[in-house]
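1. Got a predicted structure here, sequence first:
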2 protein chains.
Amino acid sequence: MRGAEAVGISVDSKKKEILVVGSLAYDSISTPLGKRDRTLGGSANYFSLAASLMAQVNVVGVVGRDYAPSDLQLLKDRGVRCDGLQQTEGETFFWEGKYEDAMNEAITLQTRLNVFENFRPEIPQAFRSSPIVFLANIDPVLQLQVLEQMEKPMLVGADTMNFWISSKRKELDKLIERIDVLLINEGELRQLTGTYNAVAACKQICERGPKFVIVKRGEYGFVLYGPKGYFVLPAFPVEKVVDPTGAGDTFAGGFFGYLASCTESLDWDHLRRACVKGCLLASYTVQDFGTDGIKRVQLTDLNKRLTDYLEIINYPKI
Amino acid sequence: MRGAEAVGISVDSKKKEILVVGSLAYDSISTPLGKRDRTLGGSANYFSLAASLMAQVNVVGVVGRDYAPSDLQLLKDRGVRCDGLQQTEGETFFWEGKYEDAMNEAITLQTRLNVFENFRPEIPQAFRSSPIVFLANIDPVLQLQVLEQMEKPMLVGADTMNFWISSKRKELDKLIERIDVLLINEGELRQLTGTYNAVAACKQICERGPKFVIVKRGEYGFVLYGPKGYFVLPAFPVEKVVDPTGAGDTFAGGFFGYLASCTESLDWDHLRRACVKGCLLASYTVQDFGTDGIKRVQLTDLNKRLTDYLEIINYPKI
């Protein structure tokens, strides 16, 4: 959003393409509601499955020889362009984790980077002009490398995690200066700012570069903060949360997917609507293991859930 | 709400009086933002200061000889009827506690029941017909004793805490069967139902008697659940939370105070508006130590904050 007015980006009558760089993975997940082995996961998958409901997604990442053709086909069937996916010798990124009790914390049991270990993002020429960029939670050094290859994107979003905040702080700080929207959970926001109050911490982040911060609060919803102030709403109430993995990346996919689908200048109204789309899509992700929830969602489902949601949050004015 | 239709209570053209039974206390509180010794506290004080902004409050409780006349005058100045306040030999209930970091948990350092130890609530004859009753967090045995003395109240609300859930479970279960609205925080709800998912736990509570459950989520707001479904909203974003003590009782005061001020039959719209009043009044309580925040609030402040809040939670429809 460089050079644009306070909360808008310049008019663009076409729908916008999104570039996403992140992980494609197999996850073994155990929660109080069950267990799945080697289910499809990875930030780029959750993001792409959500965003592609509304926009053209171009994905960049790496998979191993074991990556199932049907898992690749899943993205292609949603119109996702996979020319930026490298398939190399070795196994696909693998994560094993579990959630206990209230499921508000993922406990990592095993991480095998595999082909991700030597991943260097190479953005295909055709993708370099994508006006919207989402840098999913990967090494900030790689996130910066992606930005170097892009041609003046209009809107850059990024996610990160505790591991990078502690181990690659300098690079992460550099990245944060160059992005428009930071998506982050509450623990990470605290770690990044040293401030316990999420409301105050958002202001601190925006003084470092980003115009907007989105705090992902899990079952409690989100906070969007920017020049126009705060927009805060709860998550859609889900009676049976099966697996929270990927909720944040799904949120990001819904958020940027909606923004990419807008044909007018983006303003505060668009950003607020985008948050709600992300939030509602995430509610589908948590209702099943891995990507199974978001895989099945259609835009009609999302619109129906939006109607229900607006009733749930409706303050009846006199 | 006995005998009334699903979410309504019978028409009553007069404003309704509220009876509250709870503690009046002196608290010594330490938080990351400072420390106060022997500041005015207690559930009945927070509740009464909030509810009296909108309705006639009748308070029942006990204080010691050390209770400052000015603290009693504070309630009287708000029109609160204090005929049910016993002043007995000994010292006023005293609590010392602290909050750390994110301040989402009160750590008790010292509790001196003092005059509260032998407290038996005696409801003055003039209070027994109060149509709205709030049983603040005291021994469920006492809460039941209050109900026995009341003449068919229209609407009964109650709060409780972990201590009673574990030590007086049978009496608490009996109480829960007899109330209309249970106000509870997430940890207590979990303890009471054995269910981690707040959404599912609300349904369980309503199968035991109450028509409505309000889950108090602190900085994340609240969930109201009842026959018409869910109403969920976040708290008003406060950049500087000074002391969270009393936020729940303030919420209850705002909730029942608003309902008492309504001159029509109460329906789902009234209940939803009542939650927001409670939630917003609580945002004043947490901005200062003890009752200092809620003491200063005027109805005009509340209405102004409501305008700001509705903008913060406003989903801009297309």
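-> Received the coordinates, thanks. Residues are numbered from 1 along each chain as shown, chains lettered A, B, ... in the order given.

2. Downstream of the longest helix belonging to chain A, the next helix or strand is which one?
-> Criterion DSSP state H: the longest helix present in chain A is helix A:268-285. Next helix or strand after helix A:268-285 toward the C-terminus (DSSP states H and E): helix A:292-296.

3. Tell me which other helices or strands the longest helix of chain A touches.
-> Contacting helix A:268-285 under the criterion 3 or more Cβ pairs under 8 Å, 6 or more residues apart in numbering or on different chains; DSSP states H and E are the following elements: helix A:43-51, strand A:222-226, strand A:229-233, helix A:247-261, helix A:292-296, helix A:299-312. Just so you know, the C-beta spots here come from the backbone N, C-alpha and C atoms, and that holds for glycine as well.

4. From the contact counts, what lies against the longest one?
-> Put plainly, it is helix A:247-261. Going by 3+ Cβ pairs under 8 Å, 6+ apart, helix A:247-261 lies up against strand A:18-21, helix A:43-51, strand A:132-135, strand A:155-159, strand A:181-185, strand A:212-216, helix A:268-285.

5. is it possible to export these to TSV including mean neighbour count and distance to B:Gln73?
-> Shown next, in TSV, are the helices and strands packed on helix A:247-261 (neighbours: other Cβ atoms under 10 Å in any protein chain shown; distance: least, Cβ to Cβ, whole Å):
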stretch	mean neighbour count	distance to B:Gln73
strand A:18-21	30	63
helix A:43-51	31	58
strand A:132-135	28	59
strand A:155-159	25	55
strand A:181-185	26	47
strand A:212-216	25	43
helix A:268-285	24	46
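
6. I'd like the ones you listed laid out as a markdown table, including mean pLDDT and distance to A:Asp27.
-> Putting the helices and strands packed on helix A:247-261 into a markdown table (pLDDT from 0 to 100; distance: least, Cβ to Cβ, whole Å) gives the following:
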| stretch | mean pLDDT | distance to A:Asp27 |
| --- | --- | --- |
| strand A:18-21 | 98 | 18 |
| helix A:43-51 | 98 | 10 |
| strand A:132-135 | 98 | 20 |
| strand A:155-159 | 97 | 17 |
| strand A:181-185 | 97 | 18 |
| strand A:212-216 | 98 | 19 |
| helix A:268-285 | 98 | 13 |
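
7. Tell me which of the ones you listed sits nearest to B:Ser283.
-> strand A:212-216 (17.9 Å; Cβ to Cβ).

8. partners of the closest one, with directions?
-> Sheet pairing of strand A:212-216 (DSSP bridges) gives strand A:181-185 (parallel), strand A:222-226 (antiparallel).

9. got TSV for those strands, with distance to B:Asp301 too?
-> Listed next are the strands paired with strand A:212-216 as TSV, based on distance: least, Cβ to Cβ, whole Å:
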stretch	distance to B:Asp301
strand A:181-185	32
strand A:222-226	23
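
10. closest one to A:Val115 among those strands?
-> strand A:181-185 (25.2 Å).

11. re the thing from before, CA atoms only: put the longest helix of chain A into PDB for me.
-> Only the C-alpha atoms of helix A:268-285 are listed here, as PDB (Å, rounded to 0.1, in the frame of the first residue of the first chain):
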ATOM      1  CA  TRP A 268     -11.400   0.400   5.700                       C
ATOM      2  CA  ASP A 269     -14.800  -1.200   4.900                       C
ATOM      3  CA  HIS A 270     -13.000  -3.700   2.600                       C
ATOM      4  CA  LEU A 271     -10.500  -4.600   5.200                       C
ATOM      5  CA  ARG A 272     -13.200  -5.100   7.900                       C
ATOM      6  CA  ARG A 273     -15.200  -7.400   5.600                       C
ATOM      7  CA  ALA A 274     -12.000  -9.200   4.700                       C
ATOM      8  CA  CYS A 275     -11.300 -10.000   8.300                       C
ATOM      9  CA  VAL A 276     -14.800 -11.500   8.800                       C
ATOM     10  CA  LYS A 277     -14.400 -13.700   5.600                       C
ATOM     11  CA  GLY A 278     -11.100 -14.900   7.000                       C
ATOM     12  CA  CYS A 279     -12.600 -15.500  10.400                       C
ATOM     13  CA  LEU A 280     -15.500 -17.500   9.100                       C
ATOM     14  CA  LEU A 281     -13.500 -19.600   6.700                       C
ATOM     15  CA  ALA A 282     -11.200 -20.500   9.700                       C
ATOM     16  CA  SER A 283     -14.300 -21.800  11.500                       C
ATOM     17  CA  TYR A 284     -14.600 -24.400   8.800                       C
ATOM     18  CA  THR A 285     -11.000 -25.400   9.100                       C
END
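
12. any idea of the angle it forms with helix A:247-261?
-> Using axes from the mean of the first three to the mean of the last three Cα atoms, to 10 degrees, the interaxial angle of helix A:268-285 with respect to helix A:247-261 works out to 140 degrees.

13. Now do helix A:268-285 against strand A:229-233, angle only.
-> Going by the same axes, to 10 degrees, helix A:268-285 makes 30 degrees with strand A:229-233.

14. Now do helix A:268-285: distance to the chain's middle.
-> Centroid displacement of helix A:268-285 relative to its chain, using Cα atoms, centre = their mean, to the nearest Å, is 11 Å.

15. Determine which of the helices and strands packed on helix A:247-261 approaches A:Leu33 most closely.
-> Judging those by Cβ to Cβ, what sits closest to A:Leu33 is helix A:268-285, at 14.0 Å.

16. quick check: angle from the closest one to helix A:299-312?
-> 110 degrees.

17. Distance-wise, check the spatially closest residue to A:Asp37 that is not a sequence neighbour relative to chain B.
-> What sits nearest to A:Asp37 in space, not counting adjacent residues and going by Cβ to Cβ, 6 or more residues apart in numbering or on different chains, is A:Ser28, at 4.9 Å. Applying Cβ to the nearest Cβ, to the nearest Å, the value for A:Ser28 to chain B is 22 Å.
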